[in-house]
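> Quick one, structure for this:
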Amino acid sequence: MLKHQESFPIKEDDISMTQAQNTLEKAVAAHQRYLLKETNEDLSAAINGYIETISENPKQTSAYYRLATLLHKNGQIGIESAIEQCQKAVAISPNDANAHMYLGYFLSLNSDFDKAKDEFKKAINLKPIASRTRIVMALTCLEKIRNTHDKNAIKDLTGAIYYGLTGTLMSIFDKASIKMLCQNIKDDINFIKYKTQGEFYEKINSQKKAYNIYLSAVDNSKRSISLYERMAKIAIKKNRYDIAFDCLNNVVILSDNDPMKVVNAIEFVEEYQKDKTDELIDYYTILANKYPEFSKCYYELGHLYLKKDEKINALSAFKLALKYDENNPYYQNSLAYAYVQLEQYDSAIELYKKALETNPNDEWSAVVAQALAAIYHQIKGNSDAAISMLQSSLLLTKNKSQIHEAIADIYYDNENLDNAVEYYQLALKEDSENPKIYSRLAMAYWEKDCIEKAIIYYSKAIELDSSYDIAYNNLGVVFLDGLGDAQRAMEYFKTAVSINPMYVLAHFNLARSHEVLDEKIQAAKQYQKALNLNKEKNEMEQKIIEDRLYKLFEA
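Have a look, this model is predicted:
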């Protein structure tokens with residue numbers, strides 16, 4: 001009679017351990033792919049796999065030190081946390097040579113060289129033919145000599161030589177080292193093959209084929225940084241700037257934000273894609289984090305934030321630039337401008353003054369003086385100080401027209417029309433083709449009741465710029481209110497609104513000319529149009545338009 005065979009029940013712990021082992025194997029495979037290709041996808045898979053392994057089996061020693069290595073390399077944990085993870089691994093498996101080796105490695109990074117050497121010795125005692133431990137031990141001895149002034153330096157040097165030589169000799173028995181070496185040789189051969197093929201097609205001007213070769217290679221090469229850089233150059237030649245940017249951005253990521261790669265990306269964006277403000281901010285922020293005292297990064301960040309109208313961030317960036325270079329006049333000027341944007345004028349005035357005291361360049365200082373004069377005139381109401389500042393800037397620059405115009409504007413605003421005319425004419429001597437100055441001079445003559453000269457200079461402004469809507473409108477006003485010629489004035493107003501349909505004052509003046517010609521229906525339409533537009537544009541008092549409209553049909 002056959003006996004009934006009992007099956008042994010599978011324990012839940014055994015299932016969990018099996019799952020953990022499978023998860024660990026997948027994580028290790030992803031880790032190895034990452035070491036060869038350095039892709040973010042493999043990095044995430046390896047990290048998540050190690051975390052899942054520990055969750056499934058908290059006693060899986062290797063998951064701890066492997067996870068610590070990846071997280072520390074990518075800046076997600078510090079050395080102290082990495083040491084703690086490795087200490088857990090040693091506590092779980094005191095006889096695991098690799099756990100001691102990784103603990104020793106992180107202790108060495110933390111400059112705790114003696115404890116590191118103790119851990120390496122334990123690892124070597126547990127696994128005498130492990131070449132990696134001996135080589136890392138040799139490097140630790142050398143690092144200790146370099147960083148300390150220990151009287152036992154000769155002993156450490158002897159140890160470095162011994163462990164370096166024995167580690168090198170024993171590498172032929174280390175399967176892990178041999179496997180990695182073979183993979184690296186294979187990768188080198190593939191890289192040379194793809195690089196040679198790509199360079200050949202580049203030389204015969206078959207850029208598309210070269211690009212596709214490099215593209216097919218990046219997923220199978222540890223040297224994908226070099227390949228992406230070549231792809232970027234090809235994309236730039238073909239004016240495919242979006243593709244070039246993606247390639248260079250990959251270079252930055254794969255190089256772990258190498259400063260030179262970041263600078264290359266910045267130079268590309270500033271030359272070809274200046275609209276990528278957010279990306280430039282990210283790149284300069286990376287550089288600022290790596291070199292906190294590099295003031296130029298903060299200076300550039302400040303201007304980028306201004307471009308985005310993020311005034312507070314710009315102010316903070318310029319302040320940091322000055323913190324590390326407090327006497328830099330360019331930084332002082334930029335911070336002053338940021339203060340102006342935030343309407344903190346007193347702070348701006350002080351910084352503009354400091355920048356002018358340094359005077360790194362006469363032409364530059366002349367521009368700063370004009371900015372300071374504008375604050376004195378427009379904000380502080382101190383015309384004398386503004387004119388004095390502008391007169392000083394005349395001594396600094398060869399390009400005096402703009403300053404003469406600014407002085408003339410101040411005199412005009414103060415109703416000193418004779419001086420205004422004098423300086424507008426001085427401005428025209430250097431800039432005789434500037435329609436704006438002719439228009440401003442015409443207005444000054446209009447205020448002086450010199451109607452003929454006003455007509456001459458407004459006409460000259462229109463001759464120089466046929467789309468100058470303000471000059472058309474103002475010339476129309478001269479004919480309507482100065483000469484009483486509503487018909488001719490109407491033509492100028494119509495031209496002004498045809499150029500700028502949103503020009504409230506031109507619609508209003510066109511309505512006035514219709515009104516003078518007793519064309520009430522047309523006048524009402526233009527007044528109504530001016531009224532509707534003014535609600536949005538707010539060019540003039542709404543009540544003025546309403547009063548003219550309502551009085552049209554009064555008995």
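
> C-alpha only now, for contacts and for neighbours.
Noted.

> Could you check how far N328 is from L315?
Note on N328: its distance to L315, by CA to CA, to the nearest Å, is 16 Å.

> In terms of neighbours, single out the busier of those two.
A side-by-side neighbour count of N328 and L315, using other CA atoms under 10 Å, places L315 first with 25 against 17.

> correct me, but the more buried one touches L335?
Yes: using CA atoms under 8 Å, L315 makes contact with L335 at a distance of 6.3 Å.

> my read: A265 touches N249, true?
Yes: taking CA under 8 Å as the definition, A265 is a contact partner of N249 at 6.9 Å.

> Show the pLDDT at the nearest residue to N95 once chain neighbours are set aside.
Nearest in space to N95, with sequence neighbours left out and distances taken as CA to CA, 6 or more residues apart in numbering, is L126 at 6.7 Å. We note a pLDDT of 81 for L126 in this prediction.

> could you list every residue that touches L126?
L126 makes contacts with 95-97, as judged by CA atoms under 8 Å, 6 or more residues apart in numbering.

> Please report phi then psi for it.
When quoted as degrees, to the nearest 10, the phi and psi of L126 stand at phi -80, psi -30.

> returning to what we had before: of the contacts of L126 - the most surrounded one?
A97 leads these on contacts (other CA under 10 Å) with 22 neighbours.

> Return the mean pLDDT over stretch 348-364, rounded to an integer.
If you average the pLDDT over stretch 348-364, you get 88.

> typo on my end, stretch 427-445
pLDDT averaged over stretch 427-445 gives 94.

> same thing with stretch 270-278?
91.

> pLDDT wise, what is A97 at?
Confidence at A97, expressed as pLDDT, is 81.

> and if you look at L109?
Predicted confidence (pLDDT) for L109: 78.

> show me what contacts the residue nearest to it when sequence neighbours are not counted?
The spatially closest residue to L109, leaving aside those adjacent along the chain, is I79, at 7.4 Å (CA to CA, 6+ apart). Going by CA under 8 Å, 6+ apart, I79 touches 72, 106, 109-110.

> Which one of the residues you listed sits in the busiest neighbourhood?
F106 leads those on contacts (other CA under 10 Å) with 25 neighbours.

> Surely it and A82 touch.
Yes: using CA under 8 Å, F106 is in contact with A82, at 6.9 Å.

> residue ranges for the helices of the stretch 451-555 of the chain, please.
451-464, 469-477, 486-499, 504-516, 520-537, 542-551 (DSSP state H, counting those that start in this stretch).

> how about the CA coordinates for the second one, as CSV?
Yep, that's helix 469-477 we're talking about. Below are the C-alpha coordinates for helix 469-477, written out as CSV (Å, rounded to 0.1, in the frame of the first residue of the first chain):
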residue,chain,number,x,y,z
ASP,A,469,0.4,109.7,-34.8
ILE,A,470,1.1,112.2,-32.0
ALA,A,471,2.7,114.7,-34.5
TYR,A,472,-0.4,114.3,-36.8
ASN,A,473,-2.8,115.0,-33.9
ASN,A,474,-0.8,118.0,-32.6
LEU,A,475,-0.5,119.5,-36.1
GLY,A,476,-4.2,119.1,-36.4
VAL,A,477,-4.6,121.1,-33.1
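
> Mind listing residues that contact it?
439, 454-455, 458-459, 461-462, 488-493, 495-497, 499-500, 506, 509.

> And the residues you listed, which of them are buried?
Among the contacts of helix 469-477, those classed as buried by 16 or more other CA atoms under 10 Å are 439, 454-455, 458-459, 461-462, 489-490, 492-493, 495-497, 499-500, 506, 509.

> Going by neighbour count, which residues of stretch 251-264 are buried?
251-255, 257, 259, 261-263.

> Looking at the residues you listed, which one is closest to S383?
Distances from S383 to the buried residues of stretch 251-264, taken as CA to CA, are shortest for V263 (45.7 Å).

> Now the residue lying closest to the closest one once chain neighbours are set aside: which helix or strand?
Nearest residue to V263, sequence neighbours excluded (CA to CA, 6+ apart): Y283, at 7.9 Å. Y283 belongs to helix 277-290 when elements are defined using DSSP states H and E.

> how long is stretch 458-469 end to end?
Stretch 458-469 has an end-to-end distance of 11 Å (criterion: CA to CA).

> CA atoms only for stretch 483-493, dumped as PDB, please.
Taking C-alpha atoms only, stretch 483-493 is exported to PDB below (Å, rounded to 0.1, in the frame of the first residue of the first chain):
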ATOM      1  CA  LEU A 483      -5.600 129.000 -37.600                       C
ATOM      2  CA  GLY A 484      -9.300 128.000 -37.300                       C
ATOM      3  CA  ASP A 485      -9.000 125.700 -40.300                       C
ATOM      4  CA  ALA A 486     -11.200 122.800 -39.200                       C
ATOM      5  CA  GLN A 487     -11.300 121.100 -42.600                       C
ATOM      6  CA  ARG A 488      -7.500 120.800 -42.900                       C
ATOM      7  CA  ALA A 489      -7.200 119.900 -39.200                       C
ATOM      8  CA  MET A 490      -9.700 117.100 -39.700                       C
ATOM      9  CA  GLU A 491      -7.400 115.400 -42.300                       C
ATOM     10  CA  TYR A 492      -4.600 115.300 -39.700                       C
ATOM     11  CA  PHE A 493      -6.900 113.900 -37.000                       C
END
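
> Averaged pLDDT, that stretch. What do you get?
95.

> Which helix or strand in the protein has the lowest average pLDDT?
helix 175-203 (a mean of 50; mean pLDDT, DSSP states H and E).

> Okay, now the unreliable bits of the stretch 51-200 of the chain?
130-133, 135-136, 138, 140-144, 146-153, 156, 159-160, 163-200 (pLDDT under 70).

> Please name the residues that touch Y468.
Contacts of Y468 by CA under 8 Å, 6+ apart are 461-462, 496.

> With distance to Y299 and pLDDT as new columns, can those residues be given to me in a markdown table?
Formatted as a markdown table, the contacts of Y468 follow (distance: CA to CA, whole Å; pLDDT from 0 to 100):
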| residue | distance to Y299 | pLDDT |
| --- | --- | --- |
| A461 | 40 | 96 |
| I462 | 42 | 96 |
| A496 | 43 | 96 |
